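1. Give me coordinates for this.
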Amino acid sequence: MVFDPNSGKLRPRSGWSEIWHLWTVIVPRRSINGQLVFGKVWRRHDGRDWIYKKFTEYSDEEAA
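-> Numbers count the residues shown, from 1 in each chain. Just a heads-up that it's a prediction; the model follows:
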């Protein structure tokens, strides 16, 4: 449940807020060698803020 400040009532959380999305982020700075810093994270909205989780890639060989 999420509190709606406009109506002053609790309302159910929307279904899409439970879904994690793979998101590419670019940090507005450069690394030591001059390239932009970027990466992938898991992201979902909890009705108020965005929540981020680290995304760890693995090769197909490690999955087996």
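
2. Residue 33: which element?
-> For residue 33, there is no host helix or strand (DSSP states H and E).

3. Would you mind measuring from the nearest residue to residue 50 once chain neighbours are set aside to residue 36?
-> Spatial nearest neighbour of residue 50, chain neighbours left out: residue 43 (5.8 Å); criterion: C-beta to C-beta, 6 or more residues apart in numbering. (C-beta placed from N, C-alpha, C; glycine too.) Per C-beta to C-beta, to the nearest Å, residue 43 is found 19 Å from residue 36.

4. Give me the more crowded residue out of these two.
-> residue 43 (17 against 10; other C-beta atoms under 10 Å).

5. coming back round to it: got the contact list for the residue nearest to residue 50?
-> 20, 21, 22, 23, 50, 51, 52, 53 (C-beta atoms under 8 Å, 6 or more residues apart in numbering).

6. host element of the closest residue in space to residue 39 that isn't next to it in sequence?
-> Spatially, and ignoring its direct neighbours in sequence, residue 39 is nearest to residue 25 (6.2 Å; C-beta to C-beta, 6+ apart). According to DSSP H and E, residue 25 maps onto strand 21-30.

7. about what we covered before: closest to residue 29 among the contacts of residue 43?
-> Nearest to residue 29, judged by C-beta to C-beta, of the contacts of residue 43 is residue 52 at 17.5 Å.

8. what sits against residue 44?
-> Contacts of residue 44 (C-beta under 8 Å, 6+ apart): 17, 18, 19, 20, 21, 50, 51.
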